[in-house]
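Q: The following block contains a protein sequence and its predicted model.
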Amino acid sequence: MPDTSHTLQDYEANEILCDVKLAEAGRGGFGKVIIGKHQHSGFVAVKCFSVNGGEPEQKAIKKMVHHEYDMLLRSRHENIADVFGLTKWRGAMGIVMRYYEAGNLRVLLLSNYIPLGWSLRLRLAQEISDGITYIHNCGIDKRLIHGDMKPENILLTVNLHARITDFGCAKLASFTGSTTDQDYNPQAKQTLTLHYAAPEKIIRNVRPKKEQDVFSCGMIFHMLIFRIIPYLSEYTSQDFRQMLIGGGRPDSEEIQELKDMCSDNDKDIIHVMEKVMTRCWEQDPTQRPNMLEVRDEFQQHLAKQDPAVISRQVADAVEEMDIDHPAAEHNPTVPLCKFNPTTGEFHSETIQPQNEQNPSPGSQLQSNESIQQPGENAREPSQQHSKFQYDVNDRNILIILRLMYSN
């Protein structure tokens, strides 16, 4: 594997080979994630996006993306997805990441036919908390805020360990947890997922703070318990805001029924997850715990679990999962440089630069910066491609393009 502990690596797009029929690993508002095979790195996931312009624009994007990912690359963490580096080809650029075969947490939780034991759920909650604790405390003089925590942004290894990804909404924060005025623009449109966003962010669009990540984790813990999307009911934007102003939260009435069906050990797990969940989604951000407290609470209870039981629960879940093993199923022969992110297709000829008839960067920003409404993308996994793993709506790129083309 490449050494990514200190710097991003440069990858040649013609050295990453893809299986055209099985290449797509995910999609989002900004493009696709493509599975490819590199001679030294093995199978990788490449987040691809169009670059309207030439070499100077590509260099500008590379410089700014490198800055955004620099903190994560200085110090690795086992619960954060590995980013290997960057690649570029004519009219396009990509972020090269480790490929995680087991998909994302959202698909796993909504696939109710997959058994998911409570000890395993507790381990997932602890690993998510551990990753966010690292994000909130990394670096010497700065701390990072994820900004868009949701199950889609939690990838899974083949042994169902959590790996947090997609730092598109990430913000550098001071030790007080708030961004500087230079970092924050309250007038800027933001890509959020309403099911998991903190009420103060939705209602007042306050500057990003760590407490908003804590709230989002509370919603993820709710989904870990009930295996349903928070706020399944359809809301208009106004009704949703009013519900949040009134302190409304997802329905948890069935939690006692869950406890009644469980062993004493599992009841204890549900109890601690419920307790942490309700603390995390407090209406007053100052009343929410920090993620270090959350992690330690889960770790204390995880230490009481039998590792052999967790291993059996992992095996039971994996047996029912549709895990993509590209080494066995893919026949990569077409270089990544043949992929056109604008059309989402591979072409026999090398990609040509964008012409004037293609949508301008401004029009792409306008179409991709809307806030996701409740109910959008809330389909069951059976209604989606089961191997979609990555959310490509990366706000890093939106910020970069806005700055690049506003001058």
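A: Arrived safely, thanks for sending.

Q: For the rest of this, base every contact and every neighbour count on C-alpha atoms.
A: OK.

Q: and residue 359, what pLDDT?
A: On pLDDT, residue 359 comes in at 41.

Q: whoops, residue 142 was the one
A: On the pLDDT scale, residue 142 gets 59.

Q: and what of residue 258?
A: So, for residue 258, pLDDT stands at 92.

Q: and what of residue 133?
A: 93.

Q: Repeat that for residue 179.
A: 34.

Q: just residue 149 next, same as before
A: Listed pLDDT for residue 149 reads 91.

Q: So it lies in a helix, does it not?
A: No: counting by DSSP: H, G, I helix; E, B strand; the rest coil, residue 149 is not part of a helix but coil.

Q: With adjacent residues omitted, what lies nearest to it?
A: Using C-alpha to C-alpha, 6 or more residues apart in numbering and skipping residues adjacent in sequence, the residue nearest residue 149 is residue 216, 5.8 Å away.

Q: ok, and what's touching the one helix or strand the one you found maps to?
A: Using DSSP states H and E, residue 216 falls within helix 210-226. Identification of contacts with helix 210-226 by C-alpha atoms under 8 Å, 6 or more residues apart in numbering yields 109, 121, 125, 129, 132, 136, 145-151, 177-178, 195-198, 201, 229-230, 250, 255, 270, 273-274, 276-282, 285-286, 288-291.

Q: Contact partners for the residue nearest to residue 92 when sequence neighbours are not counted?
A: Nearest residue to residue 92, sequence neighbours excluded (C-alpha to C-alpha, 6+ apart): residue 50, at 4.4 Å. Going by C-alpha under 8 Å, 6+ apart, residue 50 touches 91-93, 340-342.

Q: any chance of the residues you listed in CSV, with secondary structure, distance to residue 327 and neighbour count too?
A: Putting those into CSV (DSSP: H, G, I helix; E, B strand; the rest coil; distance: C-alpha to C-alpha, whole Å; neighbours: other C-alpha atoms under 10 Å) gives the following:
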residue, secondary structure, distance to residue 327, neighbour count
91, coil, 29, 22
92, strand, 26, 25
93, strand, 25, 23
340, strand, 24, 24
341, coil, 24, 23
342, coil, 28, 19
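
Q: Report the two of those separated the most.
A: 93 and 342 (11.3 Å; C-alpha to C-alpha).

Q: Show me the common contact partners of these two, please.
A: When contacts are counted by C-alpha under 8 Å, 6+ apart, residue 93 and residue 342 have 49-50 as shared neighbours.

Q: Spell out, range by range, the strands that occur in this structure.
A: Remark: strands assigned in the chain by DSSP state E are 9-12, 16-18, 24-28, 31-38, 42-50, 83-89, 92-98, 143-145, 154-156, 162-164, 171-173, 334-335, 339-340, 345-346.

Q: Got the domain ranges for this structure?
A: Domain ranges of the chain: 9-101+324-406, 105-320, per automatic domain parsing.

Q: Which of those comes out lowest on mean pLDDT?
A: domain 9-101+324-406 - the lowest mean pLDDT of the domains of the chain, at a mean of 67.

Q: contacting residues around residue 121?
A: 224-225.

Q: Go again with 10 Å.
A: Residues counted as contacts of residue 121 (C-alpha atoms under 10 Å, 6 or more residues apart in numbering) are 109, 127, 160, 221, 224-225, 269-270, 273, 310, 313-314.

Q: Which of those sits closest to residue 301?
A: residue 269 (7.5 Å).

Q: could you list every residue that touches that closest one?
A: 118-119, 121-122, 225, 259, 262-263, 275, 298, 301-302, 305.

Q: same deal with residue 157?
A: By C-alpha under 10 Å, 6+ apart, the neighbours of residue 157 are 81, 99-104, 163, 323.

Q: Try it again at 8 Å.
A: So residue 157 contacts 100-103, 163 (C-alpha under 8 Å, 6+ apart).

Q: Could you do residue 99 as well?
A: Counting by C-alpha under 8 Å, 6+ apart, residue 99 has contacts 35, 43-45.

Q: ok, residue 246 - contacts?
A: Counted by C-alpha under 8 Å, 6+ apart, residue 246 has zero contacts.

Q: Number the residues from 332 up from this point.
A: From this message on, residue numbering opens at 332, which makes the last subject residue 577.

Q: Give me the phi and psi angles of it.
A: phi -80, psi 0 (degrees, to the nearest 10).

Q: what's the spacing between it and residue 570?
A: Distance from residue 577 to residue 570, counting by C-alpha to C-alpha, to the nearest Å: 11 Å.

Q: what sits in contact with each of the two?
A: Common neighbours of residue 577 and residue 570 (C-alpha under 8 Å, 6+ apart) do not exist.

Q: circling back to that earlier point, from the contacts of residue 452, which single one is nearest residue 390?
A: residue 458 (35.4 Å).

Q: Tell me how far that closest one lies from residue 376.
A: Residue 458 is 22 Å from residue 376, by C-alpha to C-alpha.

Q: rewinding a little: which of the contacts of residue 488 sits closest to residue 658?
A: Of the contacts of residue 488, the one sitting nearest to residue 658 (C-alpha to C-alpha) turns out to be residue 432, at 10.6 Å.

Q: Count the residues that sit near the closest one.
A: 21 (other C-alpha atoms under 10 Å).

Q: The one 10 residues further on now?
A: In terms of burial, residue 442 registers 19 neighbours under the definition other C-alpha under 10 Å.

Q: Same question for residue 588.
A: Residues within reach of residue 588, counting by other C-alpha under 10 Å, total 9.

Q: if I look at it, how far off is residue 600?
A: Counting by C-alpha to C-alpha - residue 588 and residue 600 are separated by 14 Å.

Q: How about residue 584?
A: 17 Å.

Q: Over to residue 608?
A: Separation of residue 608 from residue 600 (C-alpha to C-alpha): 12 Å.

Q: cool, and residue 371?
A: Distance from residue 371 to residue 600, counting by C-alpha to C-alpha: 42 Å.

Q: so what's residue 626 up against?
A: 457-458, 460-461, 464.

Q: rerun at 6 Å
A: Residues near residue 626 by C-alpha atoms under 6 Å, 6 or more residues apart in numbering: 457, 460-461.

Q: ok, and the most crowded of the residues you listed?
A: Neighbour max across the contacts of residue 626 (other C-alpha under 10 Å) = residue 460, 26 neighbours.

Q: ok, so what distance separates the closest residue to that residue other than its chain neighbours from residue 459?
A: Leaving aside its sequence neighbours, residue 460 sits nearest to residue 626 (C-alpha to C-alpha, 6+ apart; 4.9 Å). Distance, residue 626 to residue 459, using C-alpha to C-alpha: 8 Å.
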